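Asker: Got a sequence here, can you build the structure:
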Amino acid sequence: MCPVTGSGWLCRKIGVAAGYGVLLVAAACQRTSAPEQYILPNGVFGPGLYGQAMVTAGEAAVGNKMWGGRIGYAAGPFNVAAAYSDTDVSDNVSGSNWNIAGSWDFKIVKLSAFFSRISVDGSVGGVSIADRGQSNWFVGGSMPFGQANFKISYGQVDGTGLLDDLSASQIAFGADYNLSKRTAMYATASFISNDNGSAFRVANTSALSGGNNSTGFEVGVRHSF
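Answerer: Numbers count the residues shown, from 1 in each chain. Okay, here's the model as predicted:
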């Protein structure tokens with residue numbers, strides 16, 4: 001569950017990075033269906049406090065049983081939130097994720113930061129997969145300038161426990177230019193550096209062998225209907 005948007009996704013990838021490895025994709029990146037959700041009404045526990053809780057019963061579908069919650073506080077230029085989710089991937093495997101994120105808008109620049117910890121537990125084929133985890137963090141900033149908005153972010157992923165050799169970093173640059181209230185041009189560049197045989201890659205790019213780096217660029221026009 002994303003701490004900022006409240007999405008039903010249990011995990012969040014740094015920037016537009018993909019390729020988390022079969023284990024963590026299977027055990028900690030499940031999307032659930034038919035959830036029941038409660039959203040905290042604005043102002044019930046004071047101004048600025050928001051939150052939600054979500055649960056899915058499973059309905060005999062693999063990876064569809066989960067529960068989670070999010071709590072946050074927003075006031076003026078400041079916004080911070082934390083979330084936790086737990087998913088039963090199968091009878092013997094579960095995945096969990098806790099994360100925290102925040103941002104502060106200084107008008108001339110908006111700064112943001114995010115940290116996430118993914119863990120899996122259980123066994124596959126009688127073999128324990130406990131003590132496997134992954135930590136993600138990133139910092140970013142955006143700066144408006146006239147009709148344009150410039151963005152930069154840096155993030156890193158590190159494995160823990162039996163995945164402690166998993167490591168990669170990513171830096172990304174981007175810019176939007178508003179042609180009108182609903183139409184904008186955009187451009188993004190992303191660079192991922194893999195260490196210790198990791199094979200993280202920019203989203204929508206070809207798979208690569210461990211230890212190689214990944215680069216991606218995109219240019220386009222976005223229109224909101």
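Asker: Just the CA trace of stretch 77-94, in PDB.
Answerer: The C-alpha trace of stretch 77-94 is given here as PDB (Å, rounded to 0.1, in the frame of the first residue of the first chain):
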ATOM      1  CA  PRO A  77       3.200  22.700   2.600                       C
ATOM      2  CA  PHE A  78       3.900  19.600   4.700                       C
ATOM      3  CA  ASN A  79       2.600  16.000   4.100                       C
ATOM      4  CA  VAL A  80       3.800  12.800   5.800                       C
ATOM      5  CA  ALA A  81       2.200   9.300   5.800                       C
ATOM      6  CA  ALA A  82       3.100   5.800   6.900                       C
ATOM      7  CA  ALA A  83       1.600   2.500   5.800                       C
ATOM      8  CA  TYR A  84       1.700  -1.300   6.500                       C
ATOM      9  CA  SER A  85       0.400  -4.200   4.400                       C
ATOM     10  CA  ASP A  86       0.500  -8.000   4.900                       C
ATOM     11  CA  THR A  87      -0.400 -10.500   2.100                       C
ATOM     12  CA  ASP A  88      -0.900 -14.300   2.300                       C
ATOM     13  CA  VAL A  89       0.700 -15.300  -1.000                       C
ATOM     14  CA  SER A  90       0.000 -19.000  -0.500                       C
ATOM     15  CA  ASP A  91      -0.700 -21.400   2.400                       C
ATOM     16  CA  ASN A  92       3.000 -21.400   3.200                       C
ATOM     17  CA  VAL A  93       4.300 -17.900   2.100                       C
ATOM     18  CA  SER A  94       3.500 -14.400   3.300                       C
END
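Asker: buried sites along that stretch?
Answerer: Asn79, Val80, Ala81, Ala82, Ala83, Tyr84, Ser85, Thr87, Asp88, Val89, Val93, Ser94 (16 or more other Cβ atoms under 10 Å). Where C-beta positions appear, they are placed from N, C-alpha and C, glycine not excepted.
Asker: Now the residue lying closest to the second one once chain neighbours are set aside: which helix or strand?
Answerer: Think Val80. In this structure, Val80 finds its nearest non-sequential neighbour in Gly102, 3.7 Å apart by Cβ to Cβ, 6 or more residues apart in numbering. Assigned by DSSP states H and E, Gly102 falls within strand 93-105.
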